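>>> 3D model of this:
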Amino acid sequence: MSDDLDGWGGAEFVLAADRLDTPDVVEAADPGDTLRQVASAAAQVRTALRSCAETDLSAFTAEGRPRAIVVAGVGASALAGEMLNALAGLSTPVQVVVSPAERLPGWVGATDAVIAVSSSGATPETLAIATEAARRGCRLAGVGAAGSPLHRIAEQARAPFVPVVPAGLPRSMLWAVAVPLLVIAERLGVTRIGADTYELTATRLEEVSHQCRPASESFVNPGKSLALDLVGALPMVWGTSALTRVAARRFVGQLHENAKYPALWGVLPEVAHTQVAAFDGPFAPRSSRLSAPEPGPGAEDLSDLPGWDLDYEDAEPASGFTALRLILIADPDEDQRVAAQRAAVTELAGQRGVGISELAMDGEHPLVRLAGVIQLADYASVYLAIASGIDPGQTVAIRDLRTRIE
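The predicted structure is shown next:
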């Protein structure tokens, strides 16, 4: 698929919807079976649980709780650490730190646990940290492909290793690497999940996969509908809690890698002091500049400078600027003040002409709530790529950059 969709007018939008609702086109546009990999999420949860049950994790018990848990990983592996951090919450006595760098923080030592996570087992940054953790005498565990360099490091350190069966792109393996991390943390008494909750999580992932299946048309398919909301827009994905922060970051990462789309993410209340300022800029169709007072005469009057046009009577976005699209992810456990801010943001965005998509988490356990939104966002990112005529599986720029670095 290589059609040029610049402009995203009405005809282009119809073309995008047409693509998503034509099974042969969807299949041809996804030669790497990225949609199938997304659909494997529930199976990843169950397979990872079996791998954990078959691995000797007796070194990790609540009686031997570490001072801190350091999760070494990048990409989806780092997000698994963020997931653990959100689920552990502020009340946990054990600090959870995610380290995507090549070196451990200086304070990490023998009283800390380091969990090195890499679906391929070959991520250079993760291997460097695992090696350093073993040298410092940290309690080490590995999660990754069997027989990989990470597996060998764990064996040399006599550390437990939970094998992961690679089933596609690393970004599609989130649940395969996240579940072992959560199981280890649960053994340490850092989280409370339980077998029933893991099964509820897998069931939620299956439910969303069924709703978002390729054969389901866009008007009843939430993944396709969300993708069509984003075509030709600049997405800003905002969360409202620690849990939705993880979902927002995941969504933007998948937009980058699958759809090759630029996007921003943030969390209320912080973005109320920063990113919301974009509602006053050229990407907001009805920016507040329209009602701003005219500058007075003098040195600050820019209207006399060549190239400046301060006539804002036209409420349409300036030519060449892409309209913002705000995606709000709401958590039923969000703070009341944040909920009020979310309502105010919704009103303000409407006044500025910024399109809004709202994703509401639901479910009793945070892991189940998180799974539903992440799965929907994963599907939407792939469908956005297909709607844009882009192969969601290719990562040429990432490979090109890697060759220049190595």
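>>> which stretches of the chain have low pLDDT?
1-11, 288-320, 406 (pLDDT under 70).
>>> Tell me where it has strands.
68-72, 95-99, 113-118, 139-145, 161-164, 234-239, 264-267, 324-330, 355-360 (DSSP state E).
>>> Direction included, what does the third one pair up with?
Spelled out, that is strand 113-118. Note on strand 113-118: by DSSP bridges, its sheet partners are strand 68-72 (parallel), strand 139-145 (parallel).
>>> how many degrees apart are it and strand 95-99 in direction?
40 degrees (axes from the mean of the first three to the mean of the last three CA atoms, to 10 degrees).
>>> what sits up against strand 113-118?
60, 66, 68-74, 77, 80-81, 104, 108, 126-127, 129-130, 133, 138-145, 148, 150, 153-154, 177, 180-181, 184, 188 (CB atoms under 8 Å, 6 or more residues apart in numbering). For every residue, glycine as well, the C-beta is placed using N, CA and C.
>>> follow-up on the earlier one: of all the strands paired with strand 113-118, which one comes closest to residue 391?
strand 139-145 (24.4 Å; CB to CB).
>>> Mind putting the strands paired with strand 113-118 into CSV with distance to residue 241 and mean neighbour count?
Formatted as CSV, these follow (distance: least, CB to CB, whole Å; neighbours: other CB atoms under 10 Å):
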stretch, distance to residue 241, mean neighbour count
strand 68-72, 20, 26
strand 139-145, 26, 27
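>>> okay, those in JSON lines with distance to residue 112 next?
JSON lines is the format used below for the strands paired with strand 113-118 (distance: least, CB to CB, whole Å):
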{"stretch": "strand 68-72", "distance to residue 112": "5"}
{"stretch": "strand 139-145", "distance to residue 112": "7"}
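>>> tell me the helices in the protein, going along the chain?
10-20, 23-29, 34-39, 41-53, 76-88, 124-136, 149-156, 174-187, 195-211, 222-230, 242-257, 336-352, 366-387, 396-405 (DSSP state H).
>>> and these as JSON lines, adding mean neighbour count and distance to residue 358?
Below are the helices of the chain laid out as JSON lines (neighbours: other CB atoms under 10 Å; distance: least, CB to CB, whole Å):
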{"stretch": "helix 10-20", "mean neighbour count": "16", "distance to residue 358": "21"}
{"stretch": "helix 23-29", "mean neighbour count": "15", "distance to residue 358": "26"}
{"stretch": "helix 34-39", "mean neighbour count": "22", "distance to residue 358": "22"}
{"stretch": "helix 41-53", "mean neighbour count": "19", "distance to residue 358": "23"}
{"stretch": "helix 76-88", "mean neighbour count": "24", "distance to residue 358": "20"}
{"stretch": "helix 124-136", "mean neighbour count": "20", "distance to residue 358": "36"}
{"stretch": "helix 149-156", "mean neighbour count": "19", "distance to residue 358": "40"}
{"stretch": "helix 174-187", "mean neighbour count": "26", "distance to residue 358": "23"}
{"stretch": "helix 195-211", "mean neighbour count": "18", "distance to residue 358": "16"}
{"stretch": "helix 222-230", "mean neighbour count": "22", "distance to residue 358": "10"}
{"stretch": "helix 242-257", "mean neighbour count": "24", "distance to residue 358": "11"}
{"stretch": "helix 336-352", "mean neighbour count": "15", "distance to residue 358": "8"}
{"stretch": "helix 366-387", "mean neighbour count": "26", "distance to residue 358": "11"}
{"stretch": "helix 396-405", "mean neighbour count": "9", "distance to residue 358": "31"}
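>>> which stretch among these comes nearest residue 278?
helix 336-352 (9.4 Å).
>>> tell me the angle of the closest one relative to strand 324-330?
160 degrees.
>>> just checking, what packs against helix 336-352?
Judged by 3 or more CB pairs under 8 Å, 6 or more residues apart in numbering; DSSP states H and E, helix 336-352 is in contact with strand 324-330, strand 355-360.
>>> tell me the contacts of the most centrally placed residue in the chain?
The chain has residue 250 as the residue nearest its centroid, 0.3 Å off, counting by CA atoms, centre = their mean. By CB under 8 Å, 6+ apart, residue 250 lies in contact with 79, 174, 374, 377-378.
>>> cool, residue 219 as well?
Applying CB under 8 Å, 6+ apart to residue 219 gives the contacts residue 225.
>>> Got phi/psi on it?
phi -70, psi -10 (degrees, to the nearest 10).
>>> Okay then, goodbye and thanks.
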